[in-house]
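1. okay, here's the prediction I keep looking at, along with the sequence it came from:
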Amino acid sequence: MKIEPGTYPIRAGYFPLAAVALSILFWLAESVLHAILFHGNSFINNPGFIDHVFSPDKHELWMRLTVVSAIFILTPYVCSFYKSRKSNGLLTAAVKNAEEEKNRSEAIIAGIGDGIIIQDTDYKIIYQNQQQTEKYGNRNGEYCYKVFEGRETVCDKCPVELSFLDGEVHKAERSIPTDNGTMYFELTSSPLRDADGNIIAGIKVVRDISSRKRTEEELLVYQNHLRELVDERTAELQASNELLIEEINEHRLTEDKYRSLFTNMLDGFAYHKIIVNDSSEPIDYVFLEVNKSFEVLTGLKKDDIIGKRATDVIPGIKGIEPDLIRLYGAVALTGRDCNFELYFEPFHKWYSISAYCPEIGYFVSIFEDITERKDLEKTFIEIEDRERRRIGHDLHDGLGQLLTGLAFKVRGLGRILEKAHSEGADEAADLSVLIDEAKEQASYLSRGLSPIEMNVEGLMNALKALSSNSSKMFNIPCTFTCAEAVNIHNETALTQLYRIAQEAVTNAVKYAKSSHIEISLCKDHDRIIMTIKDDGIGIQEHSGRKGGMGLKIMNYRAGLINASLEIRRDMDRGTIITCVYAGESEKKDLVSYSSYAGPETIK
């Protein structure tokens, strides 16, 4: 009979009772058998039969006592045999469970993919998992600082040494030069204790982070290069604009110097006259003069546009956002300068434009081609978002699986301690709860780094999660409304629209002191409209022209996907941020973004 763990067919205490019952049965059976053999069946019904049962003949009494004694003498042996078989069954089951637990632990360790080393208190390697052995060879019995660092003593700030000292988990990074370049490793150590809580060894997890380090170095190079380009081009533009404006306003240059500067400047230059209707509202403008750089940067020929209206030179100009005629009209009629950037679809180029008024009714536009800078900025943002997702996935797949395996082990240890009535059972249960909380935190960080599922419904799901998480994190109501499905096929647009919403919610909580936030998403023909509304103190008047870093980042992200962004004060209180994404089918002649803040800029 196979005995499984936790099953007990017969209790050992029942054996004495069974011996008594068996003796009584034998006594009665022998009495009946004796009556049948020697007195006939009629003797059983005779009252003397009862006396014979309790007062048998002397030879029968000796025989019965002999058999009963044999039963009681054999009972301890039978009980011992049964206990032995039951113990063997439990031992076999325990060995089987231990082997299964070992196999599961080895599978979890193998799935993590990191090298694992166990060192004794003398820093000698006493165990390596398969991944560590495959990468660096079998180093059992050797000292880690000699093998990997070529030292004669323990390394400075060794995480294992620190774990031995304070019993805590420690991390460190190491770099090792190789023929294929420098390798980077992240070392995580923790103490290994015996049943009495004494530290007997240290466990060290070795993770190869060379790829991450190289990516960080490449990003730093890209960032520095981009900053140099931006600073260089900005300085050139500022110097050129300041020189030109100063010399025009002060009229201190001769006609020859002016013409030379006008002709040879690298930036495009155009001089215009604004045209107004009977209500003094700007309805068009005329090209009066352009330089050679204007022709090079736009592809328009001077002879083809001088004296002509913009609506004739650029068909559909009245239907674009922002309204350039209204914007330039505000500059020409009020004398207020304007700086912005826009994307010119027919030329597939980005331009940075400065407009100012030399005299009422006229305006000058100076611009430069910033397409290369924009491409670099877009590449940098894409790399940043891609690395965010990669790190988020690594955090989920690496640390999440490690914590899951650790939680499984701790729960198993807790059950063992509980069965053994050990004092450590409660501590194991508390540790299991802490590990579950760590898993939840790791999952939250992973979602923060990679919050969007890259599918057509990813933005809806991400904004819904953003509203839910914001409500929990900031303890204020944050709702999300989407009446019908809004699908986006552009991965970059998905990411940038989500980041704009995320920045808007953060600003509403951090700066506007809002008590309620509403996020809405809808579709109007081919346009996708995302709105974030709060009931805070509201954005200050004209803050859209400059604004803080958060507003600039939102404008910048909108520009990456050729979307328009409007930031305005609500009629009652609070701020309304509206981002309109035209998508692939809605691109017009000019699609722009800038520090221009929509309706606030033009009175």
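-> It's in.
2. which residues in the stretch 151-300 of the chain form helices?
-> Under the criterion DSSP state H, counting those that start in this stretch, the stretch 151-300 of the chain contains helices at 159-166, 210-250, 255-264, 292-298.
3. how about those helices, which one is nearest residue 428?
-> Among those, the nearest to residue 428 by Cβ to Cβ is helix 159-166 (19.9 Å). Every residue, glycine included, has its C-beta placed from N, CA and C.
4. can I get the CA coordinates of the closest one in PDB?
-> Below are the C-alpha coordinates for helix 159-166, written out as PDB (Å, rounded to 0.1, in the frame of the first residue of the first chain):
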ATOM      1  CA  PRO A 159      29.100  44.200  -2.200                       C
ATOM      2  CA  VAL A 160      29.600  40.700  -0.700                       C
ATOM      3  CA  GLU A 161      31.900  42.200   2.000                       C
ATOM      4  CA  LEU A 162      29.300  44.800   2.800                       C
ATOM      5  CA  SER A 163      26.500  42.200   3.000                       C
ATOM      6  CA  PHE A 164      28.700  40.200   5.400                       C
ATOM      7  CA  LEU A 165      29.100  43.400   7.500                       C
ATOM      8  CA  ASP A 166      25.500  44.600   7.800                       C
END
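5. what residues of it count as buried?
-> 159-164 (16 or more other Cβ atoms under 10 Å).
6. list the helices and strands that helix packs on?
-> Contact partners of helix 159-166 among helices and strands, from 3 or more Cβ pairs under 8 Å, 6 or more residues apart in numbering; DSSP states H and E: strand 170-178, strand 181-193, strand 199-208.
7. relative to residue 220, which of the ones you listed is closest?
-> Checked against Cβ to Cβ, the stretch from those lying closest is strand 181-193, at 14.6 Å.
8. give the pairing partners of the closest one; include direction for each.
-> When pairing is defined by DSSP bridges, strand 181-193 lines up against strand 170-178 (antiparallel), strand 199-208 (antiparallel).
9. can you check which of those strands gets nearest to residue 404?
-> Per Cβ to Cβ, nearest to residue 404 of the strands paired with strand 181-193: strand 199-208, 15.3 Å.
10. wait, which of the helices and strands packed on helix 159-166 is closest to residue 344?
-> strand 181-193 (43.6 Å).
11. show me what counts as buried in the closest one.
-> By neighbour count on 16+ other Cβ under 10 Å, the buried set for strand 181-193 is 184-191.
12. would you reformat those residues as CSV and include distance to residue 114?
-> Shown next, in CSV, are those (distance: Cβ to Cβ, whole Å):
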residue, distance to residue 114
184, 14
185, 10
186, 9
187, 10
188, 9
189, 13
190, 13
191, 18
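13. between these, which is nearest residue 532?
-> Among the buried residues of strand 181-193, and counting by Cβ to Cβ, the member closest to residue 532 is residue 186, at 38.3 Å.
14. quickly, which of the helices and strands packed on helix 159-166 bottoms out on average pLDDT?
-> Of all those, the minimum mean pLDDT falls on strand 170-178 (a mean of 82).
15. could you check the angle helix 159-166 makes with that one?
-> 160 degrees (axes from the mean of the first three to the mean of the last three Cα atoms, to 10 degrees).
16. now find how far off-centre strand 170-178 is within its chain.
-> Centroid separation for strand 170-178 versus its chain: 25 Å, with Cα atoms, centre = their mean, to the nearest Å.
17. from the chain's centre, how far out does stretch 93-100 sit?
-> Stretch 93-100 has its average C-alpha position 38 Å from the chain's average C-alpha position, going by Cα atoms, centre = their mean.
18. before we move on, the earlier item: so which of the strands paired with strand 181-193 gets nearest residue 293?
-> strand 170-178 (49.1 Å).
19. what does that closest one contact?
-> Outside of strand 170-178, the residues within contact range by Cβ atoms under 8 Å, 6 or more residues apart in numbering are 148-149, 157-160, 162-163, 182-189, 209.
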